[in-house]
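Undergrad: Next come a sequence and a model predicted from it.
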Amino acid sequence: MHKPAITQLPIDTTLANRWSGRAYDAAKGVTHAQVITLLEAARWAPSCFGDQPWRFIVWNKGSDAASWQQAFDCLVPGNQDWVKNSPLLLLICADTLFGHNQKPNRWAQYDTGAAAENLCLQAASMGLMAHQMGGFDADKTRKEFNIPEQYTLMAMVAVGYPADIATLAGEALAKETAERVRKPLSDLFFDAAWGNSIKA
C-alpha cells in the first residue's frame, strides 16, 4: 500500500514514502546482499565520539527459518498476526557504555535510533518496507539469544516487500488503512524559546 506523507512543503521522496506497513509478501524473500546493504546504511549513522553503540541481530527466514521462528516467538501476539509473512527480522540494541572508556553513554539510545532510521530509509529506497516494533518480550529475547546485560534491547524490525492489504484482517487491516497523521509543526517545534511555536 502506497501511503506517502502529506507535508506542508515538499520533502525528499524517500522520506515521504517511508511507510511502516503490515502487509508483507510471503513469497518474496530478502537476499543476503540486500541485508548487507541495509546494514551498511545503519553502519554509517552518526554517533557520539563515533562510538557506534548499536548492535543488530539479523534473522533471515530464507537462510535460517529456525532462528527466524525463535525470534518471531518473542513478539507479542498482535505483532505475530502480521509479521508472519515478513522474511526478515532484526533486533536493535544499544550499548549502555562507551567503548573507549566503559563509562555510561547517555547518547547511546539516541545514536541507535539514528542507525535504525538509516536502515528504514534505505529499505524504502530499495522498494522494501521496514516496520519497527516495541511489542516483544525483551526478557525472553535476551535469554533466547544470550544478549549481555550491558545492551538495552530497543526494538525489533520486520523487513520485506509490501503485499496487497487483502492479506490482512482485523486490527492490522484497520491500522493499515487508517489515515497517516502527525501532530502539527506548531506542537512539536519551537522558535528561539520553549513553547514559542514555530510559524509554518
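TA: Noted; the coordinates are in hand.

Undergrad: Excluding its own residues, what touches the one helix or strand in the chain whose mean pLDDT sits lowest? List them.
TA: The least trusted helix or strand in the chain, going by mean pLDDT, DSSP states H and E, turns out to be helix 170-177, with a mean of 87. Helix 170-177 is contacted by residues 1, 21-23, 78, 81-82, 165, 168 when judged by C-beta atoms under 8 Å, 6 or more residues apart in numbering. (Each C-beta comes from the backbone N, C-alpha and C, glycine too.)

Undergrad: Can you tell me which of those residues are buried?
TA: Buried by 16 or more other C-beta atoms under 10 Å: 21-23, 81-82, 168, out of the contacts of helix 170-177.

Undergrad: Dump the following helix or strand past the least confident helix or strand of the chain to PDB, keeping only the CA atoms.
TA: Of the helices and strands lying after helix 170-177 in sequence (DSSP states H and E), the nearest is helix 185-188. Output of helix 185-188 as PDB, limited to C-alpha atoms (Å, rounded to 0.1, in the frame of the first residue of the first chain):
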ATOM      1  CA  LEU A 185       4.600  21.600  13.400                       C
ATOM      2  CA  SER A 186       3.500  24.200  16.000                       C
ATOM      3  CA  ASP A 187       3.100  21.500  18.700                       C
ATOM      4  CA  LEU A 188       6.500  20.000  18.100                       C
END
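
Undergrad: The closest residue to residue 199 other than its chain neighbours: neighbour count?
TA: Using C-beta to C-beta, 6 or more residues apart in numbering and skipping the chain neighbours, the partner closest in space to residue 199 is residue 191 (7.1 Å). Residue 191 is flanked by 10 other residues according to other C-beta atoms under 10 Å.

Undergrad: what about the longest helix in this structure?
TA: Counting residues, the longest helix found in the chain (DSSP state H) is helix 108-125.

Undergrad: got a list of contacts for the helix or strand following that helix?
TA: Following helix 108-125 in sequence order, the next helix or strand is strand 129-133 (DSSP H and E). The list of residues contacting strand 129-133 from outside it, by C-beta under 8 Å, 6+ apart, reads 18-22, 24, 75, 79, 83, 86, 92, 116, 119-120, 123-124, 155-162.

Undergrad: Quick one: work out the angle between strand 129-133 and helix 108-125.
TA: Comparing the axes of strand 129-133 and helix 108-125 via axes from the mean of the first three to the mean of the last three C-alpha atoms, to 10 degrees yields an angle of 150 degrees.

Undergrad: Can you list the buried residues in strand 129-133?
TA: Within strand 129-133, the residues that qualify as buried are 129-133, counting by 16+ other C-beta under 10 Å.
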